[in-house]
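Engineer: Below are the sequence and a predicted model; questions follow.
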Amino acid sequence: MAGVKHEHGERFEVIVVGGGHAGVEAAWAAVNLLGARGFPSPSVALVTLRADRIGAMSCNPAIGGLAKGQLVREIDALGGLMGLAADATGIQFRVLNTSKGPAVHGPRCQSDNRAYPRAVQGLIASRPEVRVIEGAVERLLVAGEGESGGPGRAVRRAIVGVRIKTPGGSAVDLAAGRVVLTTGTFMRGLMHTGDARTPGGRHGEAPADSSSASLHELGFELGRLKTGTPPRLRRGSLDWQSLPEQLGDAEPVPFSELTPGGWGVAGAPVCERFPLLEQVACRQTHTTSEAHELIRANLHRAPMFNGGFESAGPRYCPSIEDKVVRFAGREQHGVFLEPESLETDVIYCNGISSSLPADVQERVVRMMPGCERAEVIRAGYAVEYDMVRPHQIIATGETRLVSGFYLAGQINGTSGYEEAAAQGRVAGANAALAAAGEPPFELGREQAYIGVLMDDLVTKTPVEPYRMFTSRAEHRLLLRADNAPERLTPVAQRLGLLDAHDLGRQRLDHHAARTRELDATREACAHARVPGRDGPVPVPTAARRSGFRWTDLRDAVGGMHASEPVWKAVHAELRYEAYIERQRREIERHRAIERRPIPDWFDAHAFETIRPEARAALARFRPRTFGQAGRLEGMTPADLSLLNVLVTRASRARRPA
């Protein structure tokens with residue numbers, strides 16, 4: 001590398017590349033797990049372009065939402081950071097979908113986007129076992145020439161570290177047997193505002209071009225996706241008071257089990273009371289038919305319509321150009337004006353993501369009620385970036401092509417902070433388990449939304465950024481936000497994901513107390529009765545009535561003192577008991593086939609009796625279990641039955657006589 005000084009750097013157990021939501025969760029998971037096993041410090045390196053941007057909220061200043069809130073609750077139950085940081089920096093909290101059943105309730109908070117990264121950086125800084133290193137990855141360092149697995153099977157090598165270019169221009173080799181890559185939207189990132197194109201992964205930050213080149217050299221199949229962000233406005237330029245309010249919940253619901261009173265290291269409170277920050281109201285406005293005409297007249301200046309790029313964008317978070325074209329009959333689209341921070345005058349225009357030229361965006365904004373004199377601080381833009389097609393990873397986050405090499409976040413084709421953080425939690429934990437010489441862990445679809453997410457990634461090729469929805473989880477009655485600790489905190493404790501410092505101890509103490517409270521409440525409900533038309537009715541029977549609320553349950557069990565979250569959880573269990581039991585029986589019935597492994601040596605190409613479409617799907621995705629195989633696009637129940645027969649016969653043939 002001409003003109004660049006090369007040095008040998010340190011050796012770590014795990015290197016995490018990227019300081020976004022996936023990267024910080026990966027680093028936190030790895031350092032906790034390694035610390036529980038006595039690995040010396042520093043054991044984890046967190047490599048990022050800018051240390052002051054760790055945990056940054058690149059787009060929407062919000063955490064959680066429909067299905068995403070369940071992911072945050074699960075991350076917290078596994079000992080993660082996101083829920084703690086969101087609670088400590090939230091300026092509006094709302095639980096969405098409360099008119100429906102608890103299985104689809106979605107906790108959400110709008111966070112102060114200045115305070116949120118500070119909270120994350122403070123938590124990372126509290127752990128000296130994590131070495132934060134500024135630099136850009138120039139090359140992934142691999143070794144070995146593994147055996148080919150047959151036609152269509154890539155050669156598998158092993159990661160040995162990364163070469164980074166420091167801000168001073170030196171090239172430094174960092175050694176590790178496990179590397180987690182979480183590049184977000186930075187790999188060959190290109191931002192579009194009209195005809196203007198600026199290299200970068202987000203506003204004001206350079207792209208990570210070398211990572212794409214290094215992955216391509218290693219033989220990874222790359223794809224291209226896009227996402228977008230709306231314009232930001234100056235609040236003082238808006239007729240704020242004239243617009244309808246959108247208020248948060250009168251009684252905010254936190255994400256983390258440790259809120260309020262969550263503690264960091266050295267006695268520093270993460271959230272000493274809840275909510276910690278002043279709560280704000282958002283405002284509502286909308287686009288107009290005149291604005292839609294203006295947008296239609298300028299579609300030729302929008303990159304997604306003029307051939308500026310061909311990559312797919314998020315269907316469920318479309319740009320205003322997309323909305324105007326797809327919903328031509330609509331005369332207006334709702335827009336939420338959300339304060340980004342208590343420290344700034346910036347308003348996020350939720351609902352009008354755009355890649356139109358800046359002058360058109362300004363005119364569109366000024367056609368919205370209350371925004372007639374709006375000052376646009378920064379125009380919206382679309383960002384196009386490289387991703388690794390996720391059929392090349394397994395559900396642990398590890399790549400099939402290079403052992404010890406893990407991917408997490410938008411690099412796998414997902415969209416959103418929460419999906420990224422969930423993947424980071426899985427990849428970081430598994431990287432540390434590999435460093436400790438222990439078996440990997442996976443979460444099943446029946447265990448967590450995180451399990452649904454990872455399974456979907458390895459059984460489907462995303463043609464647009466993947467977003468989590470409650471409809472993706474077939475067992476969502478079992479995967480409620482209210483029971484995440486019961487499902488996953490024991491898993492975290494078993495793996496060593498709960499750190500040995502104050503946070504981990506407090507979480508275990510809280511979980512033990514909650515478990516006792518749940519058991520006592522269930523027992524009390526089982527024996528309580530309420531008046532009925534024909535005499536006393538058992539509480540479990542009464543709870544199945546549609547009008548029987550959690551407060552009625554509490555009132556029915558006189559003298560039983562339990563927290564509101566516990567009452568709500570028990571109420572949901574009783575109300576949906578029959579359906580929950582049906583789902584559990586279904587899971588048990590399918591458990592054998594779901595987890596039955598497909599041997600690594602099995603080559604679908606060698607069996608012409610398998611339909612070509614099914615054979616192609618098996619060869620591309622190389623499912624590890626029959627459950628995964630059954631969910632592949634192109635696989636039918638008949639294909640799965642035939643696969644079962646062929647694997648059984650082939651396994652017998654390989655046994656020694």
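Structural biologist: That came through fine. Residues are numbered from 1 along each chain as shown.
Engineer: Not counting residues beside it along the chain, what's closest to Phe62?
Structural biologist: Actually, residue 62 is Ala. It isn't Phe. Among residues not flanking Ala62 along the chain, Gln110 sits closest, at 4.9 Å (Cβ to Cβ, 6 or more residues apart in numbering). Using the backbone N, CA and C atoms, a C-beta is placed for each residue, glycine as well.
Engineer: Run me through the strand neighbours of the helix or strand in which that neighbour is found, direction for each.
Structural biologist: Under DSSP states H and E, the secondary-structure element containing Gln110 is strand 106-111. Strand 106-111 has its sheet partners listed here by DSSP bridges as strand 62-64 (antiparallel), strand 90-96 (antiparallel).
Engineer: Distance check, the closest residue to Gln410 other than its chain neighbours against Gln447.
Structural biologist: Leaving out its chain neighbours, the residue that sits closest to Gln410 by Cβ to Cβ, 6+ apart is Gly184, at 5.0 Å. The gap separating Gly184 from Gln447 is 27 Å, by Cβ to Cβ, to the nearest Å.
Engineer: I'd guessed the residue nearest to Gln410 sits against Ala420; true?
Structural biologist: Yes. At 7.3 Å, Gly184 and Ala420 qualify as touching, with contact defined as Cβ atoms under 8 Å.
Engineer: okay, the two: which has more neighbours?
Structural biologist: Using other Cβ atoms under 10 Å as the criterion, Gly184 and Ala420 rank with Ala420 on top: 28 against 23.
Engineer: what's that one in contact with, if anything?
Structural biologist: Shown in contact with Ala420 (Cβ atoms under 8 Å, 6 or more residues apart in numbering): 20-22, 182, 184, 408-410, 414.
Engineer: Please report the distance of it from Asp52.
Structural biologist: Going from Ala420 to Asp52 by Cβ to Cβ gives 20 Å.
Engineer: ok, now Leu401?
Structural biologist: 34 Å.
Engineer: Can you pick out the residue with more neighbours from these two?
Structural biologist: Neighbours per residue (other Cβ under 10 Å) separate Leu401 from Asp52, with Leu401 holding more: 21 against 11.
Engineer: my guess is the more buried one contacts Gln392, does it?
Structural biologist: Yes. The pair Leu401 / Gln392 is scored as a contact, 6.2 Å apart, by Cβ under 8 Å.
Engineer: what do these two both touch?
Structural biologist: Here Leu401 and Gln392 share the contacting residues Phe220, scored by Cβ under 8 Å, 6+ apart.
Engineer: tell me the SS of Gly437?
Structural biologist: Using DSSP: H, G, I helix; E, B strand; the rest coil, the structure places Gly437 in coil.
Engineer: what's the distance between it and Arg178?
Structural biologist: 11 Å.
Engineer: These two: who's more crowded?
Structural biologist: The neighbour comparison of Gly437 against Arg178 (other Cβ under 10 Å) goes to Arg178, with 27 against 7.
Engineer: Report the contact partners of the more buried one.
Structural biologist: Contacts of Arg178 by Cβ under 8 Å, 6+ apart are 13-15, 159, 404-406, 431-432, 434-435.
Engineer: got JSON lines for those, with pLDDT too?
Structural biologist: Converted to JSON lines, the contacts of Arg178 look like this (pLDDT from 0 to 100):
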{"residue": "Glu13", "pLDDT": "97"}
{"residue": "Val14", "pLDDT": "98"}
{"residue": "Ile15", "pLDDT": "98"}
{"residue": "Ile159", "pLDDT": "97"}
{"residue": "Gly404", "pLDDT": "97"}
{"residue": "Phe405", "pLDDT": "98"}
{"residue": "Tyr406", "pLDDT": "98"}
{"residue": "Ala431", "pLDDT": "98"}
{"residue": "Ala432", "pLDDT": "98"}
{"residue": "Ala434", "pLDDT": "97"}
{"residue": "Ala435", "pLDDT": "97"}
